[in-house]
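Trainee: just to be clear, the model below is a prediction. Sequence and coordinates:
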Amino acid sequence: MKKLLAMLLVLCMVLSLAACGSSSDEEKKADEPQTTTETKTTEKKDDTTTQSSGLGEKLKEAEEEDKVEEVKEVDAIAELTGGALVDGKFPETVTLKVECYDRDGDTPAGDNMYTDYIKKQALERYNIAVEYVPVPRWTEVDQLNNLLAAQEAPDVCYTYDYATIQAYTDMDGVNDLSEYLTDDYKPLFANLWNWLGSAGLLAHRDPDTGAINAIEGKRAEFYRTATFIRQDWLDKLGLAKPTTQDEFEACLVAFRDNAETLLGADASKMVPLSLSTDAGWRASTLIESYMDPDITDKELYINGFDERHYTQNGTKDAIKVLNKWYNMGLIWKDFALYAEGDATEGDMQKAGYVGAMICNYDIPFRDGENSINYQLTQLVGPEAKFVAVDTFKDKNGGYTKYAYTTTGSDRKIFMPKTNTNVLAGFLFLNMITDPEIINYLQLGEEGITFTKNADGSVNTIAADADHVANTINSQYNIDYTMTCNGLHLLDEDATIKSKALSYANVDPADVAEAMRVAANDAKFAPVVNVGVIEAESGLGNTLSDLRNSGYCKSIVASEADFDSVWDGCMNEYLAAGGQAIMDERAEAWQRVLGDKTMY
């Protein structure tokens, strides 16, 4: 793994040098992805929050587990399943409803060539008839809660919100998966064990009862967020790329003060820095620079129920900076009016009105001909593009930012009690984790959605008007590869080489640089298991709404009112359950780990 990731670093350097010497017309594309190592949850680790150099070192999370050999003998399978499977499949067709995200893509989320492929595989392999149940991506928690409450949820569900799963577990609404996560069943579910390992499959095992209410999907990449700025605007104003917060602010001021030079008749549409209602995510690199780079795992965990760092020490100081910039006219004045998923901000970015943004490391490159950077070249000019920069230094002078842990930061997969055939659910998950199936779903058909290079790497391409049916609606079809988030091809070497080439219609060197920036000084939060935190149950959505509201209200407040607005919103958040969660987390840490400060 280290050798392969070292190759990626070399690739990034080569692509960057190539970009300096000539223009590139190579293609690529992406969605919500991250890495490929496994961590045993039963092992305590003390190295995951201090790694800060070398891409290879970023992925060291513990020992690798031995590969599991898949059982293929039908008699052995029949014996293992108590006769439930005959000749390796159900004797009578089993209907299995499976959740998938709906991103309002070019083809129906639950009925397209990729879902047809999955259905065909499930029917042929196990005699399982899969029915997809689309759930809107950006309101998935609300919709899933509605389905669970009505006892109409799919048989196999996923969500980023574990609190929802725990809430229905407490109401006896979620199946205990532990029966099928034993050594006896490992050969039947070899794909799951080989990809997710105990880190993912046993992550939510209750240390007291042994029950497991969910398994963790795995990110195939660890890159998370980066800061982007318009390179063509810097060039036009004779400015260097910013490397500090003060330099970044100076660039924003220059954009604001030179709106006519940069936008001409559209000067009134100038937005130096765009933001969204999910301000904690969209200001992550700034916030993380204000957090203590030497923070203990204990403090990070106790204050870490909210992944947007709302209750972490240092966050208030970071948001105070955004409040100042907002009152200086440096931030999009209407950002708080548009919910996540609204196209207004993206339209402004593509039209060329935005100077900088903080977001997922690949946002400017996603969606082929509809990507931000490609649209800029078409609507503004060939030199127009966003480039990644490291510009927010922590107190030690580094560029601390949090990367995705491979396990624990992706979707959580569970089966509601309305699923009366958990075995079928596991067989489906094992099938969808088959490397061959992942490979097909991520790439599609050669010549239509990807081309292959001599070295085994691939270039993804957008499906043209004659092949709309081949459109991949989520990056690498992650909405269907439930256990895998990010590029994960059959050949690991090809995967690494392909990543920077995997965004259609943008420069590979820009992608490589964004990956480098996102990885620079990156830290990994530990995946802590000290038992169920009862106070978290059912509060995920409520506290997320209060957090987003608190961030937005604090940013748009007058500078004089900032402290009172922030403190008022925080008190409301804490009173609604935030404080109870932190208190119970502190008690659980002490009970399980004692005086240890690192996990």
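Mentor: Nice, thanks for sending it over.
Trainee: phi, psi for residue 129 please.
Mentor: For residue 129, the backbone dihedrals (degrees, to the nearest 10) come out as phi -90, psi 110.
Trainee: got it, and residue 464?
Mentor: Main-chain dihedrals, residue 464, degrees, to the nearest 10: phi -80, psi -180.
Trainee: count residues in the vicinity of it, would you?
Mentor: Around residue 464 there are 12 other residues, counting by other CB atoms under 10 Å. Just so you know, the C-beta spots here come from the backbone N, C-alpha and C atoms, and that holds for glycine as well.
Trainee: do residue 274 as well
Mentor: Neighbours around residue 274, by other CB under 10 Å: 22.
Trainee: I figured it hits residue 344, correct?
Mentor: No. Between residue 274 and residue 344 there is no contact under CB atoms under 8 Å: 9.8 Å.
Trainee: tell me the buried residues in stretch 357-365?
Mentor: 357, 358, 359, 360, 361, 362, 363, 364, 365 (16 or more other CB atoms under 10 Å).
Trainee: can you pull up the bridge partners for the third one?
Mentor: Counting by DSSP bridges, residue 359 is bridged to residue 226.
Trainee: now residue 280, nearest residue through space, not along the chain?
Mentor: Leaving out its chain neighbours, the residue that sits closest to residue 280 by CB to CB, 6 or more residues apart in numbering is residue 308, at 2.6 Å.
Trainee: show me what stretch 439-455 is in contact with.
Mentor: Applying CB atoms under 8 Å, 6 or more residues apart in numbering, the contact partners of stretch 439-455 are 114, 117-118, 458-463, 467, 470, 472, 476-477, 480-481, 487-490, 494, 497, 501.
Trainee: can I get the CA coordinates of it in CSV?
Mentor: Output of stretch 439-455 as CSV, limited to C-alpha atoms (Å, rounded to 0.1, in the frame of the first residue of the first chain):
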residue,chain,number,x,y,z
ASN,A,439,-15.5,-2.4,-11.1
TYR,A,440,-18.4,-2.5,-13.6
LEU,A,441,-20.6,-0.1,-11.7
GLN,A,442,-17.8,2.4,-11.2
LEU,A,443,-16.7,2.5,-14.8
GLY,A,444,-19.7,1.4,-17.0
GLU,A,445,-19.0,0.3,-20.6
GLU,A,446,-15.6,0.9,-22.3
GLY,A,447,-15.7,3.4,-25.1
ILE,A,448,-18.9,5.0,-23.7
THR,A,449,-18.1,6.0,-20.1
PHE,A,450,-14.4,5.2,-20.0
THR,A,451,-11.3,4.5,-22.0
LYS,A,452,-8.4,2.3,-21.0
ASN,A,453,-4.7,3.4,-21.3
ALA,A,454,-1.8,1.2,-22.0
ASP,A,455,-0.6,1.2,-18.4
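Trainee: now do the buried residues in it.
Mentor: 439, 440, 441, 442, 443, 444, 448, 449, 450.
Trainee: about what we covered before: show the buried residues in the contacts of stretch 439-455.
Mentor: By 16+ other CB under 10 Å, those give 114, 118, 458-463, 470, 472, 476-477, 480-481, 487-489, 494, 497, 501 as buried.
Trainee: narrow those to those in strands?
Mentor: 458, 459, 460 (DSSP state E).
Trainee: wait, isn't the first one in contact with residue 496?
Mentor: No. With contact defined as CB under 8 Å, residue 458 does not count as touching residue 496 (11.7 Å).
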